[in-house]
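Peer 1: Here is a sequence with its predicted model. Questions after.
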Amino acid sequence: MFAPNLTIHAGDQLDHYRLEELVATSGMSTVFRATDTRTGTQVAIKIPHPEVECDPALFDRFQREADIGTRLHHPAVMKVFPNPGRSQVYMVMEWVPGCLLRQVIQQQPKLPIDRAVKLTIGICRALEYIHANGVVHRDMKPENIMVDTHDNIRLIDFGIAANAGARRLTFGNFSMGLGTPDYVSPEQVRGKRGDARSDLYSLGVMLYEMLTGTVPFTGPNPFAVMNDRLLNHPPPPSKLEPTITPQLQEILYRAMERDPRNRYVSAREFAHDLEHQDEVGVANREEAATWKRKESPPAHRNLLVATLIVIPLLILILLLLVARHH
């Protein structure tokens with residue numbers, strides 16, 4: 001693992017932080033485990049790549065992530081510490097020992113039902129808090145959930161999160177905040193901004209994956225996955241894992257309703273049903289009987305989805321190329 005285009009490396013000093021280890025890197029930033037030399041406290045330092053600082057929209061997203069993180073205070077949400085007087089742009093976050101939920105799933109593709117439910121309830125509590133504070137995450141996926149040794153969770157990475165009522169950041173009128181194809185909600189696939197119910201849909205997909213060992217919609221490429229989500233129903237989870245009860249399957253269906261108006265209205269309601277499954281009424285669902293009937297998308301819909309994804313990516317690449325030549 002290396003830090004692309006950064007002039008700072010593990011072992012260097014950044015203000016009063018000693019960078020100990022590079023722990024993650026992405027297309028927008030690099031994260032180091034570091035020590036605050038004033039207190040001896042371990043922290044995580046997130047540094048944007050130079051091309052991010054050169055792009056107003058991407059840099060605005062980084063700043064928005066920092067602003068959101070500093071005002072959220074909940075044990076299931078990663079803390080971001082105020083950092084006045086810094087010598088360059090970076091973010092200081094709490095260091096959380098543990099691993100990503102993605103690593104948990106890789107180690108044990110089908111989690112025990114009790115464990116999967118406990119993790120999901122913890123994530124619901126985090127979502128309940130951020131939604132009450134006007135924040136929608138918009139990129140819920142196992143890579144953005146930290147799990148400690150006691151299965152407590154931390155919600156991380158608010159890179160494409162949105163404040164309620166905030167202006168929408170776009171490239172050529174196309175949003176870059178679509179989320180991740182396996183987990184993104186149908187309304188986001190259609191180009192809408194998404195709201196709290198979009199986060200609940202993505203969490204429903206994560207619970208489905210934890211219980212069955214697979215995501216509900218698949219395909220040879222991201223466009224096929226997203227089209228499958230718009231047109232078809234997933235295999236009933238109990239077909240993939242027979243120990244899933246009708247009540248738990250109903251909870252999954254409610255969380256992953258294609259129309260957000262039919263989903264859980266809040267993370268609290270989602271968590272309540274998980275905690276009181278014996279109270280959940282089971283509907284006679286058509287999707288459980290017709291899931292094998294697969295529809296193919298018309299060509300114009302394929303083109304629409306491809307346009308929503310490809311054009312902003314091409315614009316981003318052009319912006320990065322221009323930035324590197326200046």
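Peer 2: That came through fine.
Peer 1: Tell me where this structure has helices.
Peer 2: Counting by DSSP state H, the segments of the chain that form helices are 50-54, 56-71, 101-107, 113-132, 186-189, 196-212, 222-231, 237-240, 246-255, 267-275, 286-290, 299-324.
Peer 1: Using the record's assignment, carve the chain into domains.
Peer 2: Following the assignment in automatic domain parsing, the chain carries domains at 13-94, 99-314.
Peer 1: mind putting the ones you listed in a markdown table, mean pLDDT included?
Peer 2: Shown next, in a markdown table, are the domains of the chain (pLDDT from 0 to 100):
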| stretch | mean pLDDT |
| --- | --- |
| domain 13-94 | 91 |
| domain 99-314 | 87 |
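Peer 1: Using TSV, lay out those domains together with mean neighbour count and distance to T7.
Peer 2: Just so you know, the C-beta spots here come from the backbone N, C-alpha and C atoms, and that holds for glycine as well. Formatted as TSV, the domains of the chain follow (neighbours: other Cβ atoms under 10 Å; distance: least, Cβ to Cβ, whole Å):
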stretch	mean neighbour count	distance to T7
domain 13-94	17	9
domain 99-314	18	22
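Peer 1: want to try a markdown table for the helices of the chain, with distance to R33 as columns?
Peer 2: Shown next, in a markdown table, are the helices of the chain (distance: least, Cβ to Cβ, whole Å):
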| stretch | distance to R33 |
| --- | --- |
| helix 50-54 | 21 |
| helix 56-71 | 17 |
| helix 101-107 | 16 |
| helix 113-132 | 22 |
| helix 186-189 | 32 |
| helix 196-212 | 26 |
| helix 222-231 | 32 |
| helix 237-240 | 37 |
| helix 246-255 | 34 |
| helix 267-275 | 30 |
| helix 286-290 | 45 |
| helix 299-324 | 27 |
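Peer 1: which one of these lies closest to F81?
Peer 2: Checking the helices of the chain against F81 by Cβ to Cβ gives helix 56-71 as the closest, at 7.2 Å.
Peer 1: So which elements touch the closest one?
Peer 2: Helices and strands touching helix 56-71, as assessed by 3 or more Cβ pairs under 8 Å, 6 or more residues apart in numbering; DSSP states H and E, comprise strand 42-48, helix 50-54, strand 80-81, strand 91-94.
Peer 1: so can I have CSV of those showing distance to G159?
Peer 2: Listed next are the helices and strands packed on helix 56-71 as CSV, based on distance: least, Cβ to Cβ, whole Å:
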stretch, distance to G159
strand 42-48, 10
helix 50-54, 10
strand 80-81, 12
strand 91-94, 11
